[in-house]
Structure formats: C-alpha cells, structure tokens
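**Student:** only geometry, no sequence info:
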C-alpha cells in the first residue's frame, strides 16, 4: 500500500490531502476537528486499511497553509461543506464512508444530510447532530456549561491567548503536544478560530440548521468528554431516519482518534461492513 500526498485546488484555495490504503477498497473520508489537522487520524488510518478501506484525509479550510482566507465569512458552514464535496469530486470519489470528529463531525452531519447519495454511512465522533446539540443546549445547564468556552474562542485576542507558552491552555485541555506544532506557527490559529467566529455568532440555530440524516449512522461518544455531553450524542438518534448505533467509550476523553484509535477504527469498520 502506498500513501499519496496531494494538493487539490478548490474555491481559489489549495488543500493538502492524503489518500492511502488497498487499491480496490471502498473509500472512507476522515474529517478532523479543532485545533488539530488530519494527523489526529494517524493511528486510525492503518487499522482501516487492515479492514480493507481506502482512506482520504483532508486538512480543511484554515488548516491547509494554502487555504486560509482572511474574511471570517469565508468559514461559514456552507463553505466548509462545499470544500469536501468539491475535493471529492476532483478526486473522482463519488461514493464513500464519512467520518468526522469534533468540528469535522458537524461538517459530516451536514454532508450526510444534504448529500445522502454521496455517502454509504456516517460515523460521527463526539459531536452529535446539530439539532440534538441545539436540544441539549435548550434542555438545561449541562451542555451550556460545557460549551461556555466558545465565547473565549470568538473573543478578540483568542489566538494570542491560546498560542501563549507553547499552547499551554490547549495542552491542558488534552490536545496532544505533537499535534500543536503546525497550529502554533504565527497566524495559523486564526483560520481555525474563524470556524467559531463565522458560525457561533448571530443566529447560531439558523447557521447550524441541519436536516435529518437518512443514511446508516454510528454516533461515537466518550464519557470523559468535557466539552460535549451525553445528551447531545444520544439524542442524535432522533434525527437519523435509518439504522442508528450509539457507542460509548468509557474512560476516554474528547480526543477519541488519538486516545482510542482501535475502538474508533472498529466502529468505522463495523459501519462499513453493515452497508
């Protein structure tokens, strides 16, 4: 098996991607979250290859050095969703499994809901369906308290604060130190933080509005996740009009791809096999 590291031009931007795995295997597309790039899946990808899947990982808008527009509005959710569809079309990948963690899961839910003919199944990791997240925020203080960090991320000076002392705040939150190298380069945090600024100000419910998903879906959540509670994950089943599996990883924090790669790969392989 070989790994191809490519660049793909889309919407005037240049994205760094990697594709690898058995040549005739079905595709799985993996979307990372904040603040790490696709390296978060480094321990997951070989296990997917062992199960027969080919993989595509994308350093998304704001993370690829050639895809860092200045305007905050260029990070609206419709742009993030359009990036993935555009990149897959250029790669001639018309049908694939879909995996997303954290912010990547928000993008993945939207992709699965809006382009069901492009994906065989969805594995959402940590972040539930946007409507379930909305419900959890409305239901009580638990998810509101967990999400309170967002106001700091959209504030002026957030880049400097998070980058200070070699990213000590991010490391305290559990981000693996070796994955912070790229994001701590001068100016590199602005794009990733713009995901929050573009989508978590103003009418957030309207921005995140997402139809129900009608493809087979697995929701993977970990019980030591400080940012995302059980309610938003478990209630996601209300918005899946197909086979739905809710998988809880015990004793694992938010960083599932790095901390529980074997368990995550098993869930992805199981969802792929069910197709």
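**Tutor:** Happy to help now that I have it. Since the structure is predicted, the reported quantities are computational estimates derived from the model, not experimental observations.
**Student:** any low-confidence regions in the chain?
**Tutor:** 1-2, 274-275 (pLDDT under 70).
**Student:** which residue, neighbours along the chain excluded, lies closest to the residue positioned nearest the centre of it?
**Tutor:** Residue closest to the average C-alpha location in the chain (Cα atoms, centre = their mean): residue 104, at 1.4 Å. What sits nearest to residue 104 in space, not counting adjacent residues and going by Cβ to Cβ, 6 or more residues apart in numbering, is residue 31, at 3.2 Å. In this view, the C-beta of every residue, glycine as well, is placed from N, C-alpha and C.
**Student:** check whether the one you found really touches residue 97, as I assumed.
**Tutor:** No. Residue 31 lies out of contact with residue 97 (Cβ atoms under 8 Å); the separation is 11.5 Å.
**Student:** quick one: the residue in the chain sticking out farthest from the centre and residue 180, what's the gap?
**Tutor:** What lies farthest from the middle of the chain is residue 165; by Cα atoms, centre = their mean that is 26.3 Å. The spacing between residue 165 and residue 180, counted by Cβ to Cβ, to the nearest Å, is 11 Å.
**Student:** cool, and residue 36?
**Tutor:** Using Cβ to Cβ, residue 36 is found at 8 Å from residue 180.
**Student:** more neighbours: which of the two?
**Tutor:** Ranked by neighbour count (other Cβ atoms under 10 Å), residue 36 and residue 180 place residue 36 first, with 26 against 20.
**Student:** is it true that the more buried one touches residue 178?
**Tutor:** No. Contact criterion Cβ under 8 Å: residue 36 and residue 178 do not qualify, at 9.9 Å.
**Student:** quick one: common contacting residues for those two?
**Tutor:** Common contact partners of residue 36 and residue 178 (Cβ atoms under 8 Å, 6 or more residues apart in numbering): none.
**Student:** where do the strands sit along the stretch 51-200 of the chain?
**Tutor:** Remark: strands assigned in the stretch 51-200 of the chain by DSSP state E, counting those that start in this stretch are 54-58, 96-101, 119-125.
**Student:** and the contacts of the second one?
**Tutor:** Applying Cβ under 8 Å, 6+ apart, the set of residues contacting strand 96-101 from outside is 26-33, 40, 53, 56, 88, 106-109, 111-112, 118-127, 256-257, 268, 271-272, 275.
**Student:** mind redoing it with 6 Å?
**Tutor:** 27-31, 33, 107-108, 112, 119-123, 125-126, 257, 268, 272 (Cβ atoms under 6 Å, 6 or more residues apart in numbering).
**Student:** try the longest one
**Tutor:** With contact meaning Cβ under 6 Å, 6+ apart, strand 119-125 is reached by 97-99, 101, 105, 108, 112, 215-220, 256, 267-268, 271, 275.
**Student:** can you pull out the helices in the stretch 151-275 of the chain?
**Tutor:** Remark: helices assigned in the stretch 151-275 of the chain by DSSP state H, counting those that start in this stretch are 158-172, 190-199, 204-208, 230-234, 256-259, 261-274.
**Student:** looking at those, which is buried most?
**Tutor:** Stretch with highest mean neighbour count among the helices of the stretch 151-275 of the chain: helix 256-259 (a mean of 23; mean count of other Cβ atoms under 10 Å).
**Student:** how far does it sit from the chain's center?
**Tutor:** Here helix 256-259 is found 13 Å from its chain centre; the criterion is Cα atoms, centre = their mean, to the nearest Å.
**Student:** stretch 154-161 too?
**Tutor:** Using Cα atoms, centre = their mean, the offset of stretch 154-161 from its chain centre is 22 Å.
**Student:** ok, and what's touching it?
**Tutor:** 189-190, 193, 196-197.
**Student:** adding distance to residue 6, write the helices of the stretch 151-275 of the chain out as JSON lines.
**Tutor:** Converted to JSON lines, the helices of the stretch 151-275 of the chain look like this (distance: least, Cβ to Cβ, whole Å):
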{"stretch": "helix 158-172", "distance to residue 6": "28"}
{"stretch": "helix 190-199", "distance to residue 6": "20"}
{"stretch": "helix 204-208", "distance to residue 6": "30"}
{"stretch": "helix 230-234", "distance to residue 6": "33"}
{"stretch": "helix 256-259", "distance to residue 6": "21"}
{"stretch": "helix 261-274", "distance to residue 6": "22"}
